[in-house]
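1. Kindly return the folded structure for what I paste below:
(2 chains)
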There are 2 protein chains.
Amino acid sequence: MPFAYRSTVLAAALFLIGAAVAVADPLPSWNDTATKKAIIDFVEKVTKEGSPDFVKPEERIATFDNDGTLWVEQPIYTQVTFAIDEVIAMAPKHPEWREKEPFKSILAHDRAAMLKFSIQDFEKVVAVTHSGMTVQQFQEIVNKWLADAKHPRFKRSYTECVYQPMTELMQYLRANAFKTYIVTGGGQEFVRAFAEKVYGVPPEQVVGSMGKVKFEYNKEGAPELIKLPEVLLIDDKTGKPEGINMVIGRRPYGAFGNSTGDQQMLEYTGAGNGARLMMLVHHDDAEREYAYGADSKIGTFNDALMDEAKKKGWIVISMKDDWKTIFPK
Amino acid sequence: MPFAYRSTVLAAALFLIGAAVAVADPLPSWNDTATKKAIIDFVEKVTKEGSPDFVKPEERIATFDNDGTLWVEQPIYTQVTFAIDEVIAMAPKHPEWREKEPFKSILAHDRAAMLKFSIQDFEKVVAVTHSGMTVQQFQEIVNKWLADAKHPRFKRSYTECVYQPMTELMQYLRANAFKTYIVTGGGQEFVRAFAEKVYGVPPEQVVGSMGKVKFEYNKEGAPELIKLPEVLLIDDKTGKPEGINMVIGRRPYGAFGNSTGDQQMLEYTGAGNGARLMMLVHHDDAEREYAYGADSKIGTFNDALMDEAKKKGWIVISMKDDWKTIFPK
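-> Numbering: from 1, shown residues only, chains lettered A, B, ... in the order given. Now for the predicted structure:
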């Protein structure tokens, strides 16, 4: 083959590869519905220079709830399962728990009693399982637990019970210069333990419910941050925009949730100028995941939220119709 | 000129420009002292792949105190001057202040009395000047004040009383993939109002003393974040590593301060593995700026801190000897 001809072929081949990359579907796990189109339209609008909706790269902030938005939250929040497992693991060193609620019910595997736990009961469980160690030690405990624990129905690790379409959405936004944050009612340190590996979200982009930490010196005189059982922020409902203000200090352009706990975050996002994208994952797929909403204590999605979504142009994602696949392969 | 010759000249010229850029001094306002060398050595060590001290780009975090480290804090913290000016501006609507401390002393310009103010007095001043409005409204007030206010000695705006060598250091670190954070005892919202414009530090990279905010709906039904007079974090001393954990969630590789208020942040940074850079600005230049330290109530730099710096290999920056220029031209 003469050299000139060969290089023409090469150039043509490179052009075709380039074109293929350019048109590659950024959201392959999404069906071609209006929902997917709305996401792509939004991203194109805010990233196109000269567009009236153009957003400067440094202002491109997107916030994602975690439980029920990025990973499975049924039949019970993963962090609650973790806390229960920790209580069971710690029990041999706490014989007094056998006669003391809420530990007694947990150790007796009394599911009915656990379902009736009050906030105070949960606070006691969190106090013994989430404090009294350094932040780093706590995160090692979380990662050790995550390495072994399996979801009761899907029989895969919790970090594999993440929604593939949502991780693609995060990647797509990041490829368009968005900073993706997690804004979770779950514990900030708990989610930070795995968010970078699982979602590509670094610790500084995880906003969550916060406990106090105390700076002190250990026996060797080295400074440490010890987790205390005192609450600093419950990052749920009105706490979400408050937490966003504490950690981010900017109003998001995109906000993604699935329940009444995310309502105020979406309202706060939508109250900004210009194009904003607000979306709610609706769990309507009992076959592939779960179907729940109005009557669920976990991930409540009631009629009032559905009405507000319609009124304000928030997009409701149907897991059943909009998602080609649910979990990563 | 024949084409081939012309393009050789062009190539040579481009090479020379490239070489000039490569050797350009990243810290032109620093004298060629051991301090400057230590900074450059540190950056080269942590950015060189294969070096035992190599730090992955996503882990490159550097934290800077603000008052006395990035800008002038004498004769009094800028934010205190702001609060006093605000009390004076608000006074016509508060006739009761004329007989009520601490406002009475402020309105009488009684400097001696103001110097004796207790924490409670300051809290009263902060409560009336830093709460009851939205976060955005507060930042507009701050920027309006900054646009007009002048430093009493340097007769230039406060945002021009920043240390040119330190802004160069921040830029140099950012050019080497560091995320530069401000970790200030000052108010987080106060510093966020100007940090992006003045230092190139975006709001999400400002950690400061935090007040609570409250999510509520205004008369038009729009969601707002209202500043409350309650304190959530005093980001000073032990509060600095605690604030770093809340907002960043990673241990810094570089930490820069100037007083006992920064001690724990430097200790926490230095307790990490591998190469870390801890530096303290020492105000020893009465002629060009100020000379203070051990006996100063503002920016205390006592003998114990100097001893710890020596013992732990923290680098003390002499403004007098290490800095060619103090302020931007």
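2. List the residues that contact the residue of the stretch 51-200 of chain A found nearest chain B.
-> In the stretch 51-200 of chain A, the residue found nearest to chain B is residue A:192; the distance is 5.2 Å by Cβ to the nearest Cβ. Using the backbone N, CA and C atoms, a C-beta is placed for each residue, glycine as well. Residues near residue A:192 by Cβ atoms under 8 Å, 6 or more residues apart in numbering or on different chains: A:139, A:203, A:206, A:208, B:249.
3. Take stretch A:320-329, keep the C-alpha atoms, and write them as PDB.
-> This file holds the C-alpha atoms of stretch A:320-329, laid out as PDB (Å, rounded to 0.1, in the frame of the first residue of the first chain):
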ATOM      1  CA  LYS A 320     -39.700   0.500  35.600                       C
ATOM      2  CA  ASP A 321     -40.000   2.500  32.400                       C
ATOM      3  CA  ASP A 322     -36.900   4.700  32.400                       C
ATOM      4  CA  TRP A 323     -34.200   2.200  33.500                       C
ATOM      5  CA  LYS A 324     -32.900  -0.500  31.100                       C
ATOM      6  CA  THR A 325     -30.900  -2.100  33.900                       C
ATOM      7  CA  ILE A 326     -31.000  -1.500  37.700                       C
ATOM      8  CA  PHE A 327     -27.700  -2.800  39.000                       C
ATOM      9  CA  PRO A 328     -24.200  -3.000  37.600                       C
ATOM     10  CA  LYS A 329     -23.400  -6.300  35.900                       C
END
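4. now that stretch, how far from the chain's geometric center?
-> 17 Å (Cα atoms, centre = their mean, to the nearest Å).
5. What of stretch A:178-192?
-> 6 Å.
6. I'd like to know how far the residue nearest the centre of chain A sits from residue A:238.
-> Nearest to the geometric centre of chain A sits residue A:66, at 2.0 Å (Cα atoms, centre = their mean). From residue A:66 across to residue A:238, the span is 18 Å (Cβ to Cβ, to the nearest Å).
7. Next: residue A:221.
-> Applying Cβ to Cβ to residue A:221 and residue A:238 gives a distance of 42 Å.
8. Please apply the same query to residue A:288.
-> Distance of residue A:288 to residue A:238, computed by Cβ to Cβ: 33 Å.
9. where exactly do the strands run in chain A?
-> Taking DSSP state E, the strands of chain A run over residues A:61-64, A:179-187, A:206-217, A:223-233, A:254-257, A:277-282, A:315-318.
10. Including mean pLDDT and distance to residue A:41, could those strands go into CSV?
-> Formatted as CSV, these follow (pLDDT from 0 to 100; distance: least, Cβ to Cβ, whole Å):
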stretch, mean pLDDT, distance to residue A:41
strand A:61-64, 98, 15
strand A:179-187, 97, 19
strand A:206-217, 97, 27
strand A:223-233, 95, 34
strand A:254-257, 98, 13
strand A:277-282, 98, 9
strand A:315-318, 98, 11
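11. Single out the most deeply packed of the ones you listed.
-> strand A:254-257 (a mean of 28; mean count of other Cβ atoms under 10 Å in any protein chain shown).
12. Within its sheet, name the partner strands of that strand and how each one runs.
-> Taking DSSP bridges as the criterion, strand A:254-257 forms sheet pairs with strand A:61-64 (parallel), strand A:277-282 (parallel).
13. Compare neighbour counts for residue A:288 and residue A:238 and give me the winner.
-> Using other Cβ atoms under 10 Å in any protein chain shown as the criterion, residue A:288 and residue A:238 rank with residue A:238 on top: 20 against 12.
14. and the gap between the more buried one and residue A:30?
-> From residue A:238 across to residue A:30, the span is 31 Å (Cβ to Cβ).
15. Give the full set of residues in contact with residue A:262.
-> Counting by Cβ under 8 Å, 6+ apart, residue A:262 touches A:65, A:69, A:240, A:255-256, A:280.
16. among the contacts of residue A:192, which two are most distant?
-> Spatial extent of the contacts of residue A:192 (Cβ to Cβ) is set by the pair A:139 and A:208 at 12.7 Å.
17. shared neighbours, those two?
-> In contact with both residue A:139 and residue A:208: A:189, A:192, using Cβ under 8 Å, 6+ apart.
18. Let me know the pLDDT of residue A:22.
-> At residue A:22, the model reports a pLDDT of 56.
19. for chain A, what spans make up the helices?
-> Assigned by DSSP state H, the helices in chain A fall at A:3-23, A:34-47, A:78-90, A:103-107, A:111-115, A:119-129, A:135-148, A:164-175, A:188-199, A:239-247, A:263-270, A:303-312, A:319-322.
20. Which residue is the nearest non-sequential neighbour of residue A:261?
-> Spatial nearest neighbour of residue A:261, chain neighbours left out: residue A:236 (4.6 Å); criterion: Cβ to Cβ, 6 or more residues apart in numbering or on different chains.
21. ok, the one you found - contacts?
-> The contact partners of residue A:236, taken as Cβ under 8 Å, 6+ apart, are A:185, A:209, A:261.
22. The last one and residue A:136: what is the separation?
-> So that's residue A:261. Distance of residue A:261 to residue A:136, computed by Cβ to Cβ: 29 Å.
23. more crowded one of the two?
-> More crowded of residue A:261 and residue A:136, by other Cβ under 10 Å: residue A:261, with 25 against 13.
24. Return the per-residue confidence for that one.
-> So residue A:261 comes in at 97 (pLDDT).
25. That one and residue A:241 touch, don't they?
-> No - look at residue A:261 against residue A:241 with Cβ atoms under 8 Å: they stay out of range, at 12.0 Å.
26. returning to that earlier point: pick out the most distant pair among the contacts of residue A:262.
-> Within the contacts of residue A:262, A:240 and A:280 form the most distant pair, 13.5 Å apart (Cβ to Cβ).
27. picking that back up, leaving aside the residues next to it on the chain, what's closest to the residue nearest to the centre of chain A?
-> Excluding the flanking residues, the one nearest residue A:66 by Cβ to Cβ, 6+ apart is residue A:184, at 3.9 Å.
28. Next, work out how far apart that neighbour and residue B:61 are.
-> From residue A:184 to residue B:61 the distance is 22 Å (Cβ to Cβ).
29. ok, now residue A:235?
-> The spacing between residue A:235 and residue B:61, counted by Cβ to Cβ, is 22 Å.
30. Please apply the same query to residue A:267.
-> Separation of residue A:267 from residue B:61 (Cβ to Cβ): 32 Å.
31. got it, and residue A:66?
-> Applying Cβ to Cβ, the value for residue A:66 to residue B:61 is 23 Å.
32. Same check on residue A:245?
-> Note on residue A:245: its distance to residue B:61, by Cβ to Cβ, is 21 Å.
33. Which positions in the stretch 151-300 of chain A make contact with chain B?
-> Neighbours of chain B within the stretch 151-300 of chain A, by Cβ under 8 Å from any Cβ of the partner chain: A:179, A:188-189, A:192, A:202-204, A:206, A:210, A:212-215, A:222-223, A:225, A:232-233, A:238-239, A:241-242, A:245-250, A:264, A:267-268, A:271.
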